[in-house]
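[1] this one's structure only:
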């Protein structure tokens, strides 16, 4: 497996991305090169043996070679100028801001650097918990009803409690809480507004069935992981989910009917095709009264949901062969010539 | 007015952006610095006196200094290393790909370079003619019914002719045509698929009223242009719209009721707030049977719709004072420390 893992980012999920990258390093010991994006937007070239949490939390990483993206790859300054690093294909493992909001995807596409990961439009449509619902609707996939509230706005609608309140643009359960009644509401809103100026409010349905499914499109069609029914502690709090990002053993496969499996895979496919090509994503679904609802799309899932794949390495190898090609647009100035000709100059 | 105009881009609208930048240069003679992004993704520093179409179509621009974005600004290589260029605020005038799809917005935000223009999410939501309809719906703004078709897909629905067929991700009327009947359909689809693998099909309503309105949010609230009822030649073909990008004289204000004006401004505001901050955009509306429909949002309108503003310079100056600030996210590694502590290492 020839990959270079890009992690870190300027985001609330910066540390989670480090944990996630360390987990992948354990799973893919053949990966030699890592790129760390620190929270000041500097890139560093990190070697496999440096991939330990202390190396980052102690700021030791700042002594690693600083690198930068340029046309067709990453470069490093040398005494005599600069040198291309000829890294293999990048794997975008930046969770949250930078990695899932399209910033890094745009950067890599701008410089023509090949990568595994969601492209910019896929990021924007899935990163925001409001937009992802519009997107799902446009693909014929249901999601729970919701309210959107911006900081400084007043909530006008009457809510049916309990509700779950989430920062609109954040993964990893940060800032998420449940309000059982009006009395809890303000505190829950304040917690969410700490992370984003926009929050999404949804009904909280206790005991609703939840199923997680990962997958991607390979050259010969869709490839799916097995399905997990994640453990329920009301909802995953940050510490719990944090540890979740370091999972490397196989999860327990959900015991569900072939029919339900097919429904989940069909919904996944509706969301994926013509949007997420090039990425391994995880879709989290709810299932209630025989209806499937999208909970969320993780365009860069923690440790890329390795624990849902029986052969994770083979999955990545299949995806590597199916990365989207950038559009080749040629400019010949025919129209400018035409205008100049018309003007006689 | 202290601005640096960024134009060009790797897109079918590359030449249109050059025409647009030349028009702005005429309107804002005090602007000294221009940045040209060629179709190979190289940036060049162009001086005001070089802003003539021949300079680009003859490739003379390739002798201009090559520059590149880095943290907080653009830089140029010198004999002794590199030098910051200290440009004033960038004005993103790249139409179509790169400028309106969020790539350049992401790049500028990544490097912390201030700019006038739509931010990445606003680009993605408005650049694609399918997504913009979902977005409008989520904001309570109507748009015409539509079908989406990808290359190699077969159109399953029966169409009511005439229909108008558009590449999903392109401005400037490129690849747009009207099919009066089934007989015209394949040719119209082929024309659109030349530019994009995704097309949008809408009813073509002859004689529908169309109104164009530009605006932005300043420090003290929304600022609107006057409203134009654009000339109708069935629809603007490329050459016509191309010339449109070089307009510098004031358009004719539409003679409409105060009520209609208010309706259009209200719809504009619904679309703009919490999405397009930092950008001057133009919304093109249809009006039929007393209902307002969004036709399209131009997140980087041709020559920034100067012809709709009685005082265009004052409009830009107002917008310059209201650019969004990037989020300040600090990483303190508290969680990594906690994990290390828990593990006893």
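    Received, thanks. Only a predicted model underlies this, so the values are computations on that prediction, with no experimental measurement involved. Residues are numbered from 1 along each chain as shown, chains lettered A, B, ... in the order given.

[2] Tell me what angle the helix or strand containing residue A:126 forms with helix B:120-127.
    Here residue A:126 sits within helix A:120-127, counting by DSSP states H and E. On the basis of axes from the mean of the first three to the mean of the last three Cα atoms, to 10 degrees, helix A:120-127 is oriented at 110 degrees to helix B:120-127.

[3] Over helix A:120-127, what's the mean pLDDT, rounded is fine.
    Helix A:120-127 comes out with an average pLDDT of 97.

[4] Spatially nearest residue to residue A:304, not counting backbone neighbours?
    Leaving aside its sequence neighbours, residue A:304 sits nearest to residue A:280 (Cβ to Cβ, 6 or more residues apart in numbering or on different chains; 5.4 Å). All C-beta atoms are positioned from the backbone trio N, CA, C, and that covers glycine.

[5] Residue A:320 too?
    Here the residue nearest residue A:320, using Cβ to Cβ, 6+ apart, is residue A:89, at 6.2 Å.

[6] if we can go back for a sec, please determine how far the residue nearest to residue A:304 is located from chain B.
    21 Å (Cβ to the nearest Cβ, to the nearest Å).

[7] my guess is that residue meets residue A:214, correct?
    Yes: between residue A:280 and residue A:214 there is a contact under Cβ atoms under 8 Å: 6.4 Å.

[8] joint contacts of the two?
    Taking Cβ atoms under 8 Å, 6 or more residues apart in numbering or on different chains as the contact rule, residue A:280 and residue A:214 both touch A:301, A:304-305.

[9] Most neighbours of all those residues, which one?
    Per-residue neighbour counts (other Cβ atoms under 10 Å in any protein chain shown) across the shared contacts of residue A:280 and residue A:214 peak at residue A:304, which has 30 neighbours.

[10] doesn't residue A:24 make contact with that one?
    Yes: between residue A:304 and residue A:24 a contact is recorded at 6.9 Å, counting by Cβ under 8 Å.

[11] which element is residue A:5 on?
    Per DSSP H and E: residue A:5 is located in strand A:4-8.

[12] For chain B, what is the nearest residue in chain A?
    residue A:106 (3.3 Å; Cβ to the nearest Cβ).

[13] How about the secondary structure of that residue?
    Following DSSP: H, G, I helix; E, B strand; the rest coil, residue A:106 is assigned to helix.

[14] Let me see the contact set for the closest residue to it other than its chain neighbours.
    Leaving out its chain neighbours, the residue that sits closest to residue A:106 by Cβ to Cβ, 6+ apart is residue B:106, at 3.3 Å. When contacts are counted by Cβ under 8 Å, 6+ apart, residue B:106 touches A:102-103, A:105-107, A:110, A:120, B:120.

[15] In TSV, list those residues along with distance to residue B:329.
    TSV is the format used below for the contacts of residue B:106 (distance: Cβ to Cβ, whole Å):
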residue	distance to residue B:329
A:102	17
A:103	13
A:105	19
A:106	18
A:107	17
A:110	22
A:120	20
B:120	16
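
[16] which parts of the stretch 201-345 of chain A sit against chain B?
    Proximity of the stretch 201-345 of chain A to chain B, by Cβ under 8 Å from any Cβ of the partner chain, involves residues A:242, A:274, A:327, A:329-331, A:333, A:335-337, A:339-340, A:345.

[17] Next step: the residues you listed restricted to strands.
    Under the assignment DSSP state E, these contribute nothing to strands.

[18] and those, which are buried?
    A:242, A:274, A:329, A:331, A:333, A:335-336, A:339-340 (16 or more other Cβ atoms under 10 Å in any protein chain shown).

[19] Which of these scores worst on pLDDT?
    Lowest confidence among those: residue A:242, with 64.

[20] Which residues are in contact with the nearest residue to residue A:90 once chain neighbours are set aside?
    Among residues not flanking residue A:90 along the chain, residue A:115 sits closest, at 4.0 Å (Cβ to Cβ, 6+ apart). Applying Cβ under 8 Å, 6+ apart to residue A:115 gives the contacts A:6, A:89-92, A:105, A:108, A:278, A:323.

[21] Can you pull the domain assignment for chain A?
    Domains of chain A are assigned by automatic domain parsing as A:4-116, A:124-142+A:208-320, A:147-203.

[22] any idea whether residue A:157 is helix, strand or coil?
    With three-state DSSP as the basis, residue A:157 sits in coil.

[23] show me the contacts for the closest residue to it other than its chain neighbours.
    Spatial nearest neighbour of residue A:157, excluding adjacent residues (Cβ to Cβ, 6+ apart): residue A:147 at 5.9 Å. With contact set as Cβ under 8 Å, 6+ apart, residue A:147 has these partners: A:155, A:157, A:159, A:200-201.

[24] same deal with residue A:303?
    Counting by Cβ under 8 Å, 6+ apart, residue A:303 has contacts A:20, A:23-24, A:27, A:93, A:245-248.

[25] In helices only, show me the residues you listed.
    In this view, the contacts of residue A:303 that belong to helices under DSSP state H are A:20, A:23-24, A:27.

[26] Which strand or helix spans residue A:173?
    Counting by DSSP H and E, residue A:173 is part of no helix or strand.

[27] I should have written residue A:136 there, sorry.
    helix A:131-138.

[28] for that helix, packing partners?
    Judged by 3 or more Cβ pairs under 8 Å, 6 or more residues apart in numbering or on different chains; DSSP states H and E, helix A:131-138 is in contact with helix A:120-127, strand A:142-143, strand A:291-298, helix B:131-138.

[29] of all these, which lies closest to residue B:75?
    helix A:120-127 (24.6 Å; Cβ to Cβ).

[30] Next, the angle from that closest one to helix A:131-138.
    For helix A:120-127 against helix A:131-138, the angle by the same axes, to 10 degrees is 100 degrees.

[31] do helix A:120-127 and chain B meet?
    Yes: interface with chain B: helix A:120-127 contributes A:120-121, A:124-125 (Cβ under 8 Å from any Cβ).

[32] Which pLDDT value goes with residue A:144?
    In this model, residue A:144 carries a pLDDT of 96.

[33] Next, the contact list for it, please.
    A:202-203, A:205, A:286, A:293, A:295.

[34] again, only using 6 Å
    By Cβ atoms under 6 Å, 6 or more residues apart in numbering or on different chains, the contact set of residue A:144 is A:202, A:293.
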